[in-house]
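Asks: Predicted model, plus sequence, below.
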Amino acid sequence: MNKNVILSLALLISIGVMTVMGLQTRKSFVDDVEIGNYLNQEELKFSIRDDVSDITQSFVDMESIKSVEDLEEVSPIIVKVKVNKEASRKMYSDDTLTTVEVLEVMKGQVDKKEILVFEPIDINHLEGADYVNSTDGYNWMNDDEEYILYLRPLKAANYSKDKIVYLPTTTLFSKYSNSQKSPVLLDQTKINNCTVKYSEIEANEVLITDYQMLEKFLQLKDQVIMENYNSL
């Protein structure tokens, strides 16, 4: 079976489970919490989750993404966006729901000027401390930057009057900012020991402890930036 067939099957399977994902996400709902109430805490710790929630099981395997072309093929929606600073960013179990302004639709059909995007990162309270808990090293979108997002729609009546929210196609390779800052490799031992403060690393676009994954992210970003921000 060639690569194109495999990627096409992955896309069909992803779209086929969207409704189920919506139901699973509803089960994982917790009281809405505005992340802005936490991010200014100096002692806020950082961790990368090992477990996989219902919603994250539906991400495309990052090992299957070798190029931006692969990412484009499995992503029904590609948009250029910016975070709506005025809208609340609310946490659910394992995820944060963020409102973004659509600056340009690059693939697919998005008729709204604003859409809701699930970001696979949240804040948990454990043993008397608050932790930023990231899936695979995903970090929140920054209020002051533009992003190219590779998404798929999620049918979920609980979150939008239009009954559609969006989910990154992969946890790490579906969000690229127009910033020229390069993320740094994080220390896995310190992450495991929960000795890293989020304030020390929050400027990183991704929060990665694996060198090969970081190199792959940077290679993909270089191509995305070259194709969409030639002036940078």
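Replies: Cool, the structure landed.
Asks: Quick check: mean pLDDT of the strand ranked longest in the chain?
Replies: Criterion DSSP state E: the longest strand present in the chain is strand 95-107. For strand 95-107, the mean per-residue pLDDT is 95.
Asks: list the buried ones in that strand?
Replies: 95-102, 106 (16 or more other CB atoms under 10 Å). The C-beta positions use only the backbone N, C-alpha and C, and glycine is treated the same way.
Asks: Could you check how far the longest helix along the chain is from the centre of its chain?
Replies: Determined from DSSP state H, the single longest helix within the chain is helix 211-228. With CA atoms, centre = their mean, to the nearest Å as the basis, helix 211-228 stands 15 Å off its chain's centre.
Asks: between that helix and strand 95-107, how big is the angle?
Replies: 40 degrees (axes from the mean of the first three to the mean of the last three CA atoms, to 10 degrees).
Asks: For the helix or strand following the longest strand of the chain, list every residue counted as buried.
Replies: Sequence order places strand 114-119 as the next helix or strand after strand 95-107, per DSSP states H and E. Residues 115-119 are the ones in strand 114-119 that count as buried (16+ other CB under 10 Å).
Asks: before we move on, the earlier item: what's the longest helix of the chain in contact with?
Replies: Here helix 211-228 makes contact (CB atoms under 8 Å, 6 or more residues apart in numbering) with 62, 65, 67-68, 71, 80, 106, 137, 148, 172-173, 176, 178, 182-183, 185, 205-206, 208, 232.
Asks: Got a quick ChimeraX command for the buried subset of those residues?
Replies: One line in ChimeraX is enough to select the buried members of the contacts of helix 211-228, burial here meaning 16+ other CB under 10 Å:
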select :62,65,68,71,80,106,137,148,172,173,176,178,183,205,206,208
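Asks: Quick check: residue 185 vs residue 217, distance?
Replies: Noted for residue 185: a distance of 11 Å to residue 217, by CB to CB, to the nearest Å.
Asks: Repeat that for residue 75.
Replies: In terms of CB to CB, residue 75 sits 16 Å off from residue 217.
Asks: Neighbour count: the two, which is higher?
Replies: The residue with more neighbours, out of residue 75 and residue 217, is residue 75; 25 against 22, by other CB atoms under 10 Å.
Asks: what's the pLDDT at the more buried one?
Replies: 95.
Asks: Where do the strands of the chain begin and end?
Replies: Using DSSP E, strands in the chain cover 33-34, 45-49, 77-83, 90-92, 95-107, 114-119, 121-126, 129-135, 146-155, 164-168, 175-177.
Asks: With respect to residue 194, which of the ones you listed lies nearest?
Replies: strand 45-49 (5.3 Å; CB to CB).
Asks: Pass me the low-pLDDT residue ranges in this structure, would you?
Replies: 1-33, 50-57, 156-157, 160, 162, 230-232 (pLDDT under 70).
Asks: same thing but at 80, please
Replies: For the chain, the stretches with pLDDT under 80 are 1-42, 49-58, 93, 125-129, 156-163, 229-232.
Asks: Sounds good, over and out.
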